[in-house]
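In: just coords:
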(Lines give C-alpha, C1' and ligand atoms only; values in the text may rest on other atoms or scores of the structure.)
Protein backbone atom coordinates (compact mmCIF):
# COMPACT_ATOMS: atom_id res chain seq x y z
CA UNK A 1 0.00 0.00 0.00
CA UNK A 2 1.41 3.37 -1.06
CA UNK A 3 -0.09 6.87 -1.38
CA UNK A 4 -1.72 7.72 -4.72
CA UNK A 5 -0.08 10.75 -6.33
CA UNK A 6 -3.50 11.94 -7.50
CA UNK A 7 -5.69 11.76 -4.38
CA UNK A 8 -3.10 11.08 -1.66
CA UNK A 9 -4.85 8.03 -0.18
CA UNK A 10 -3.10 4.73 0.51
CA UNK A 11 -3.94 2.30 -2.26
CA UNK A 12 -2.75 -1.15 -3.42
CA UNK A 13 0.43 -1.18 -5.50
CA UNK A 14 -1.38 -1.84 -8.76
CA UNK A 15 -1.93 0.13 -11.96
CA UNK A 16 -4.97 2.12 -10.73
CA UNK A 17 -5.92 3.88 -7.53
CA UNK A 18 -8.86 2.17 -5.87
CA UNK A 19 -10.13 5.47 -4.42
CA UNK A 20 -10.04 7.82 -7.43
CA UNK A 21 -9.56 5.42 -10.36
CA UNK A 22 -6.56 7.33 -11.71
CA UNK A 23 -3.81 5.50 -13.59
CA UNK A 24 -0.90 5.62 -11.19
CA UNK A 25 1.87 5.27 -13.76
CA UNK A 26 0.63 7.78 -16.33
CA UNK A 27 0.13 11.51 -16.31
CA UNK A 28 1.14 14.20 -13.86
CA UNK A 29 0.00 14.13 -10.27
CA UNK A 30 -3.08 16.26 -9.81
CA UNK A 31 -6.19 16.48 -7.72
CA UNK A 32 -8.46 13.53 -8.50
CA UNK A 33 -11.54 15.66 -9.11
CA UNK A 34 -9.82 18.03 -11.52
CA UNK A 35 -8.60 15.36 -13.94
CA UNK A 36 -10.85 15.18 -16.99
CA UNK A 37 -8.96 12.89 -19.36
CA UNK A 38 -10.32 9.73 -17.68
CA UNK A 39 -14.11 9.48 -17.26
CA UNK A 40 -14.69 7.63 -13.99
CA UNK A 41 -17.57 5.52 -15.35
CA UNK A 42 -15.70 4.47 -18.49
CA UNK A 43 -11.95 4.87 -18.41
CA UNK A 44 -10.37 5.69 -21.75
CA UNK A 45 -12.89 8.44 -22.53
CA UNK A 46 -12.65 12.13 -21.71
CA UNK A 47 -15.22 13.50 -19.28
CA UNK A 48 -16.26 16.04 -21.93
CA UNK A 49 -16.87 13.41 -24.61
CA UNK A 50 -20.62 13.52 -25.47
CA UNK A 51 -21.11 9.77 -25.82
CA UNK A 52 -24.71 8.58 -25.63
CA UNK A 53 -24.03 4.96 -24.64
CA UNK A 54 -21.37 5.45 -21.95
CA UNK A 55 -23.32 8.37 -20.44
CA UNK A 56 -26.91 7.14 -20.38
CA UNK A 57 -26.06 3.43 -20.03
CA UNK A 58 -23.56 3.70 -17.14
CA UNK A 59 -23.89 0.11 -15.82
CA UNK A 60 -23.15 -1.43 -19.20
CA UNK A 61 -20.18 -3.86 -19.18
CA UNK A 62 -17.29 -2.58 -21.24
CA UNK A 63 -17.40 -5.48 -23.68
CA UNK A 64 -21.01 -4.62 -24.57
CA UNK A 65 -20.54 -0.89 -25.20
CA UNK A 66 -19.68 -1.35 -28.89
CA UNK A 67 -22.53 -3.82 -29.35
CA UNK A 68 -25.06 -1.30 -28.03
CA UNK A 69 -23.58 1.44 -30.21
CA UNK A 70 -23.98 -0.80 -33.24
CA UNK A 71 -27.54 -1.66 -32.19
CA UNK A 72 -28.40 2.05 -31.95
CA UNK A 73 -26.86 2.75 -35.36
CA UNK A 74 -28.64 -0.25 -36.85
CA UNK A 75 -31.94 1.01 -35.46
CA UNK A 76 -31.32 4.44 -36.95
CA UNK A 77 -30.54 2.80 -40.30
CA UNK A 78 -33.85 0.93 -40.16
CA UNK A 79 -35.73 4.17 -39.44
CA UNK A 80 -33.99 5.98 -42.29
CA UNK A 81 -34.72 3.04 -44.60
CA UNK A 82 -38.41 3.05 -43.68
CA UNK A 83 -38.66 6.79 -44.29
CA UNK A 84 -36.83 6.43 -47.58
CA UNK A 85 -39.28 3.73 -48.61
CA UNK A 86 -42.24 5.97 -47.83
CA UNK A 87 -43.33 3.87 -44.83
CA UNK A 88 -43.71 6.89 -42.56
CA UNK A 89 -46.11 5.35 -40.03
CA UNK A 90 -43.85 2.34 -39.58
CA UNK A 91 -40.83 4.66 -39.27
CA UNK A 92 -42.54 6.71 -36.55
CA UNK A 93 -43.51 3.64 -34.55
CA UNK A 94 -40.06 2.07 -34.93
CA UNK A 95 -38.24 5.24 -33.96
CA UNK A 96 -40.57 5.97 -31.03
CA UNK A 97 -39.65 2.68 -29.36
CA UNK A 98 -36.03 2.37 -30.56
CA UNK A 99 -34.18 4.05 -27.70
CA UNK A 100 -36.64 2.93 -24.94
CA UNK A 101 -36.44 -0.69 -26.19
CA UNK A 102 -32.65 -0.52 -26.25
CA UNK A 103 -32.76 0.81 -22.70
CA UNK A 104 -34.92 -2.08 -21.55
CA UNK A 105 -32.36 -4.48 -22.98
CA UNK A 106 -29.67 -2.57 -21.10
CA UNK A 107 -31.60 -2.75 -17.81
CA UNK A 108 -31.93 -6.49 -18.27
CA UNK A 109 -28.36 -7.07 -19.41
CA UNK A 110 -26.88 -5.06 -16.54
CA UNK A 111 -29.51 -6.33 -14.05
CA UNK A 112 -29.90 -2.80 -12.73
CA UNK A 113 -33.24 -3.60 -11.11
CA UNK A 114 -31.77 -6.59 -9.23
CA UNK A 115 -34.53 -8.52 -7.46
CA UNK A 116 -37.25 -5.84 -7.80
CA UNK A 117 -38.00 -5.70 -11.55
CA UNK A 118 -41.72 -4.92 -11.22
CA UNK A 119 -41.27 -2.06 -8.76
CA UNK A 120 -38.28 -0.60 -10.54
CA UNK A 121 -39.68 -0.70 -14.05
CA UNK A 122 -43.10 0.40 -12.79
CA UNK A 123 -41.70 3.49 -11.12
CA UNK A 124 -39.46 4.38 -14.05
CA UNK A 125 -40.36 3.54 -17.62
CA UNK A 126 -44.01 2.55 -17.09
CA UNK A 127 -44.79 5.57 -14.90
CA UNK A 128 -42.96 7.78 -17.39
CA UNK A 129 -45.05 6.42 -20.26
CA UNK A 130 -48.30 6.86 -18.29
CA UNK A 131 -47.39 10.43 -17.40
CA UNK A 132 -46.43 11.03 -21.02
CA UNK A 133 -49.90 10.02 -22.19
CA UNK A 134 -51.69 12.16 -19.59
CA UNK A 135 -49.54 15.27 -19.98
CA UNK A 136 -49.58 15.07 -23.79
CA UNK A 137 -53.37 14.75 -23.96
CA UNK A 138 -53.89 17.62 -21.52
CA UNK A 139 -51.34 19.78 -23.37
CA UNK A 140 -53.05 19.06 -26.69
CA UNK A 141 -56.40 20.13 -25.26
CA UNK A 142 -54.99 23.30 -23.68
CA UNK A 143 -52.84 24.35 -26.63
CA UNK A 144 -55.26 23.40 -29.42
CA UNK A 145 -56.90 26.10 -31.53
CA UNK A 146 -60.29 25.31 -29.99
CA UNK A 147 -59.00 25.67 -26.43
CA UNK A 148 -60.88 28.09 -24.16
CA UNK A 149 -57.52 29.84 -23.74
CA UNK A 150 -57.65 30.67 -27.47
CA UNK A 151 -53.91 30.34 -27.87
CA UNK A 152 -52.62 30.98 -31.39
CA UNK A 153 -49.16 30.56 -32.96
CA UNK A 154 -47.94 33.76 -31.32
CA UNK A 155 -45.84 34.72 -28.32
CA UNK A 156 -48.50 33.30 -25.98
CA UNK A 157 -48.51 29.93 -27.73
CA UNK A 158 -44.70 29.86 -27.90
CA UNK A 159 -44.33 30.55 -24.17
CA UNK A 160 -47.00 28.00 -23.23
CA UNK A 161 -45.73 25.21 -25.47
CA UNK A 162 -41.98 25.79 -25.28
CA UNK A 163 -41.46 27.19 -21.77
CA UNK A 164 -44.30 26.27 -19.42
CA UNK A 165 -44.91 22.79 -20.85
CA UNK A 166 -41.24 21.65 -20.56
CA UNK A 167 -41.16 22.84 -16.94
CA UNK A 168 -44.31 20.85 -16.14
CA UNK A 169 -42.98 17.79 -17.95
CA UNK A 170 -39.67 17.75 -16.06
CA UNK A 171 -41.37 18.42 -12.73
CA UNK A 172 -43.75 15.44 -13.02
CA UNK A 173 -41.40 12.93 -14.69
CA UNK A 174 -38.93 12.78 -11.84
CA UNK A 175 -41.44 12.38 -8.98
CA UNK A 176 -42.06 8.58 -9.24
CA UNK A 177 -38.34 7.95 -9.72
CA UNK A 178 -37.44 9.64 -6.44
CA UNK A 179 -39.45 6.98 -4.58
CA UNK A 180 -36.66 4.53 -5.38
CA UNK A 181 -34.18 6.79 -3.61
CA UNK A 182 -35.43 5.42 -0.28
CA UNK A 183 -34.17 1.94 -1.12
CA UNK A 184 -30.74 1.08 0.25
CA UNK A 185 -30.20 -1.10 -2.83
CA UNK A 186 -30.17 1.97 -5.05
CA UNK A 187 -28.12 4.35 -2.96
CA UNK A 188 -25.65 5.49 -5.61
CA UNK A 189 -26.05 8.59 -7.76
CA UNK A 190 -25.52 6.47 -10.85
CA UNK A 191 -28.73 4.59 -9.94
CA UNK A 192 -30.66 7.87 -9.87
CA UNK A 193 -29.32 8.74 -13.31
CA UNK A 194 -30.32 5.36 -14.74
CA UNK A 195 -33.85 5.45 -13.37
CA UNK A 196 -34.33 9.07 -14.41
CA UNK A 197 -33.26 8.27 -17.98
CA UNK A 198 -35.69 5.32 -18.04
CA UNK A 199 -38.58 7.54 -16.94
CA UNK A 200 -37.68 10.19 -19.50
CA UNK A 201 -37.52 7.67 -22.34
CA UNK A 202 -40.87 6.14 -21.37
CA UNK A 203 -42.40 9.62 -21.29
CA UNK A 204 -40.94 10.54 -24.68
CA UNK A 205 -42.20 7.34 -26.36
CA UNK A 206 -45.74 7.91 -25.11
CA UNK A 207 -45.60 11.60 -26.03
CA UNK A 208 -44.50 10.77 -29.58
CA UNK A 209 -47.27 8.22 -30.12
CA UNK A 210 -49.92 10.65 -28.80
CA UNK A 211 -48.62 13.53 -30.93
CA UNK A 212 -48.46 11.40 -34.07
CA UNK A 213 -51.69 9.49 -33.39
CA UNK A 214 -53.53 11.26 -36.22
CA UNK A 215 -50.72 10.54 -38.66
CA UNK A 216 -50.58 6.91 -37.55
CA UNK A 217 -54.33 6.40 -37.96
CA UNK A 218 -55.04 8.49 -41.08
CA UNK A 219 -52.00 8.42 -43.36
CA UNK A 220 -51.87 5.81 -46.14
CA UNK A 221 -49.40 2.96 -45.96
CA UNK A 222 -47.07 4.53 -48.53
CA UNK A 223 -46.60 8.29 -48.87
CA UNK A 224 -44.00 10.67 -50.28
CA UNK A 225 -41.08 10.78 -47.85
CA UNK A 226 -38.88 13.63 -49.05
CA UNK A 227 -39.89 16.04 -46.27
CA UNK A 228 -40.28 13.49 -43.46
CA UNK A 229 -36.77 12.30 -42.63
CA UNK A 230 -35.51 15.10 -40.39
CA UNK A 231 -38.86 15.73 -38.61
CA UNK A 232 -39.05 12.01 -37.79
CA UNK A 233 -35.46 11.97 -36.51
CA UNK A 234 -36.14 15.10 -34.45
CA UNK A 235 -39.28 13.93 -32.71
CA UNK A 236 -38.49 10.24 -32.33
CA UNK A 237 -34.71 10.24 -31.74
CA UNK A 238 -33.53 13.67 -30.57
CA UNK A 239 -36.53 14.23 -28.28
CA UNK A 240 -36.14 10.91 -26.37
CA UNK A 241 -32.44 11.60 -25.85
CA UNK A 242 -33.28 15.10 -24.59
CA UNK A 243 -36.08 13.87 -22.30
CA UNK A 244 -33.94 11.05 -20.92
CA UNK A 245 -30.94 13.30 -20.37
CA UNK A 246 -32.88 16.05 -18.58
CA UNK A 247 -34.75 13.69 -16.26
CA UNK A 248 -31.61 11.63 -15.64
CA UNK A 249 -29.65 14.75 -14.69
CA UNK A 250 -32.49 15.95 -12.45
CA UNK A 251 -32.70 12.61 -10.64
CA UNK A 252 -28.90 12.37 -10.27
CA UNK A 253 -28.70 15.87 -8.79
CA UNK A 254 -31.50 15.16 -6.30
CA UNK A 255 -30.48 11.58 -5.42
CA UNK A 256 -28.39 12.68 -2.44
CA UNK A 257 -29.82 16.02 -1.21
CA UNK A 258 -26.79 16.65 1.01
CA UNK A 259 -24.82 17.42 -2.15
CA UNK A 260 -27.06 20.30 -3.21
CA UNK A 261 -24.75 22.67 -1.37
CA UNK A 262 -22.16 22.02 -4.09
CA UNK A 263 -22.52 24.07 -7.30
CA UNK A 264 -22.23 21.11 -9.70
CA UNK A 265 -25.32 19.43 -8.26
CA UNK A 266 -27.29 22.57 -7.36
CA UNK A 267 -26.85 23.98 -10.86
CA UNK A 268 -27.82 20.61 -12.35
CA UNK A 269 -31.47 21.29 -11.49
CA UNK A 270 -31.87 24.58 -13.39
CA UNK A 271 -29.59 23.17 -16.11
CA UNK A 272 -32.02 20.26 -16.67
CA UNK A 273 -35.04 22.57 -16.86
CA UNK A 274 -33.14 25.16 -18.89
CA UNK A 275 -31.85 22.60 -21.38
CA UNK A 276 -35.37 21.38 -22.10
CA UNK A 277 -36.67 24.94 -22.44
CA UNK A 278 -33.88 26.05 -24.79
CA UNK A 279 -34.33 22.91 -26.90
CA UNK A 280 -38.11 23.41 -27.22
CA UNK A 281 -38.16 27.21 -27.52
CA UNK A 282 -35.45 27.58 -30.16
CA UNK A 283 -36.68 24.55 -32.14
CA UNK A 284 -40.20 25.98 -32.27
CA UNK A 285 -38.87 29.42 -33.17
CA UNK A 286 -36.74 28.03 -36.01
CA UNK A 287 -39.64 25.97 -37.33
CA UNK A 288 -42.02 28.96 -37.24
CA UNK A 289 -39.52 31.00 -39.27
CA UNK A 290 -39.18 28.35 -41.95
CA UNK A 291 -35.66 27.17 -41.14
CA UNK A 292 -34.93 23.84 -42.78
CA UNK A 293 -35.28 20.74 -40.59
CA UNK A 294 -31.66 19.66 -41.09
CA UNK A 295 -30.51 22.82 -39.31
CA UNK A 296 -33.08 22.29 -36.54
CA UNK A 297 -31.91 18.72 -35.94
CA UNK A 298 -28.28 19.90 -35.88
CA UNK A 299 -29.18 22.45 -33.18
CA UNK A 300 -31.10 19.83 -31.20
CA UNK A 301 -28.14 17.44 -31.35
CA UNK A 302 -25.90 20.22 -30.00
CA UNK A 303 -28.22 20.76 -27.02
CA UNK A 304 -28.33 17.01 -26.31
CA UNK A 305 -24.52 16.92 -26.52
CA UNK A 306 -24.20 19.70 -23.93
CA UNK A 307 -26.63 17.86 -21.62
CA UNK A 308 -24.60 14.66 -21.93
CA UNK A 309 -21.36 16.45 -21.04
CA UNK A 310 -22.94 17.98 -17.92
CA UNK A 311 -24.25 14.57 -16.86
CA UNK A 312 -20.79 13.08 -17.28
CA UNK A 313 -19.30 15.73 -14.98
CA UNK A 314 -21.94 14.91 -12.34
CA UNK A 315 -21.37 11.15 -12.66
CA UNK A 316 -17.59 11.56 -12.62
CA UNK A 317 -17.69 13.64 -9.45
CA UNK A 318 -20.26 11.36 -7.78
CA UNK A 319 -18.27 8.18 -8.42
CA UNK A 320 -15.14 9.72 -6.95
CA UNK A 321 -17.11 11.01 -3.97
CA UNK A 322 -18.93 7.75 -3.30
CA UNK A 323 -15.77 5.62 -3.49
CA UNK A 324 -15.02 6.74 0.05
CA UNK A 325 -18.53 5.88 1.20
CA UNK A 326 -18.28 2.34 -0.20
CA UNK A 327 -15.20 1.54 1.86
CA UNK A 328 -12.56 -1.09 1.22
CA UNK A 329 -13.94 -4.59 0.63
CA UNK A 330 -13.38 -7.75 -1.37
CA UNK A 331 -15.45 -7.66 -4.57
CA UNK A 332 -15.55 -9.25 -8.00
CA UNK A 333 -14.85 -6.54 -10.54
CA UNK A 334 -17.76 -6.28 -13.01
CA UNK A 335 -15.36 -5.29 -15.81
CA UNK A 336 -12.31 -7.57 -15.62
CA UNK A 337 -14.07 -10.27 -13.52
CA UNK A 338 -11.20 -10.63 -11.08
CA UNK A 339 -11.78 -10.72 -7.33
CA UNK A 340 -9.86 -7.89 -5.73
CA UNK A 341 -9.65 -5.77 -2.64
CA UNK A 342 -11.15 -2.47 -3.72
CA UNK A 343 -13.09 0.61 -2.73
CA UNK A 344 -14.70 2.52 -5.60
CA UNK A 345 -12.44 1.36 -8.44
CA UNK A 346 -10.74 -1.86 -9.44
CA UNK A 347 -6.98 -1.50 -8.82
CA UNK A 348 -6.22 -3.79 -11.79
CA UNK A 349 -8.37 -2.37 -14.61
CA UNK A 350 -9.52 0.98 -13.19
CA UNK A 351 -13.22 0.22 -13.74
CA UNK A 352 -15.78 1.65 -11.35
CA UNK A 353 -17.17 -1.00 -9.01
CA UNK A 354 -20.64 0.58 -9.08
CA UNK A 355 -20.63 1.49 -12.80
CA UNK A 356 -21.00 -2.09 -13.93
CA UNK A 357 -23.54 -4.88 -14.19
CA UNK A 358 -25.72 -5.45 -11.13
CA UNK A 359 -25.94 -7.18 -8.81
CA UNK A 360 -22.27 -7.22 -7.96
CA UNK A 361 -21.80 -10.37 -5.82
CA UNK A 362 -22.20 -9.64 -2.14
CA UNK A 363 -18.85 -8.63 -0.67
CA UNK A 364 -17.13 -10.95 1.74
CA UNK A 365 -14.96 -9.71 4.61
CA UNK A 366 -11.75 -8.30 3.16
CA UNK A 367 -8.71 -10.44 3.68
CA UNK A 368 -5.48 -9.11 5.01
CA UNK A 369 -4.43 -6.36 2.67
CA UNK A 370 -1.35 -7.13 0.60
CA UNK A 371 0.41 -5.14 -2.05
CA UNK A 372 -0.92 -7.43 -4.80
CA UNK A 373 -4.56 -7.28 -3.62
CA UNK A 374 -5.69 -9.96 -6.11
CA UNK A 375 -7.63 -12.70 -4.35
CA UNK A 376 -8.02 -15.05 -7.31
CA UNK A 377 -5.63 -13.64 -9.86
CA UNK A 378 -5.28 -16.87 -11.81
CA UNK A 379 -9.00 -17.33 -12.20
CA UNK A 380 -9.50 -13.66 -12.99
CA UNK A 381 -6.87 -13.73 -15.67
CA UNK A 382 -8.69 -16.61 -17.31
CA UNK A 383 -12.07 -14.87 -17.21
CA UNK A 384 -10.71 -11.52 -18.30
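Out: Looks like it arrived, so ask away. Quick caveat: nothing in here was measured; it's all calculated off a predicted structure.

In: Identify the residues contacting stretch 279-288?
Out: Here stretch 279-288 makes contact (C-beta atoms under 8 Å, 6 or more residues apart in numbering) with 153, 158, 161-163, 165-166, 234, 242, 293, 295-296, 299-300, 303-304. No exception for glycine: its C-beta is placed from N, CA and C like everyone else's.

In: what comes up buried for that stretch?
Out: Residues of stretch 279-288 classed as buried by neighbour count (16 or more other C-beta atoms under 10 Å): 279-284, 286.

In: Likewise for stretch 76-87?
Out: Buried-residue list, stretch 76-87, by 16+ other C-beta under 10 Å: 76, 79, 82-83, 86-87.

In: The residue minimising distance to the centre of the chain: what's it in contact with?
Out: Among the residues of the chain, residue 56 comes closest to the average C-alpha position under C-alpha atoms, centre = their mean, at 2.4 Å. The contact partners of residue 56, by C-beta under 8 Å, 6+ apart, come to 103, 193, 197, 241, 244-245, 248, 308, 311.

In: Highest neighbour count among the residues you listed?
Out: Ranked by the number of neighbours (other C-beta atoms under 10 Å), those place residue 197 first, at 35 neighbours.

In: That one should be in a strand, yeah?
Out: No - secondary structure of residue 197 (DSSP: H, G, I helix; E, B strand; the rest coil): helix, not part of a strand.

In: measure the residue nearest to the centre of the chain to residue 252 for me?
Out: For residue 56, the distance to residue 252 equals 11 Å [C-beta to C-beta, to the nearest Å].

In: what sits in contact with each of those two?
Out: Shared contacts of residue 56 and residue 252 (C-beta under 8 Å, 6+ apart): 193, 311.

In: Okay, buried residues for the longest helix along the chain please.
Out: Using DSSP state H, we find that the single longest helix of the chain is helix 293-326. For helix 293-326, a neighbour-count test (16+ other C-beta under 10 Å) marks 293, 296-297, 299-301, 303-312, 314-323, 326 as buried.

In: Looking at it now, give me its mean pLDDT.
Out: For helix 293-326, mean pLDDT rounds to 88.

In: And stretch 212-222, by the same measure?
Out: For stretch 212-222, mean pLDDT is 62.

In: Same check on stretch 10-29?
Out: Stretch 10-29 comes out with an average pLDDT of 68.

In: cool, stretch 49-65 as well?
Out: Rounded mean pLDDT across stretch 49-65 is 86.
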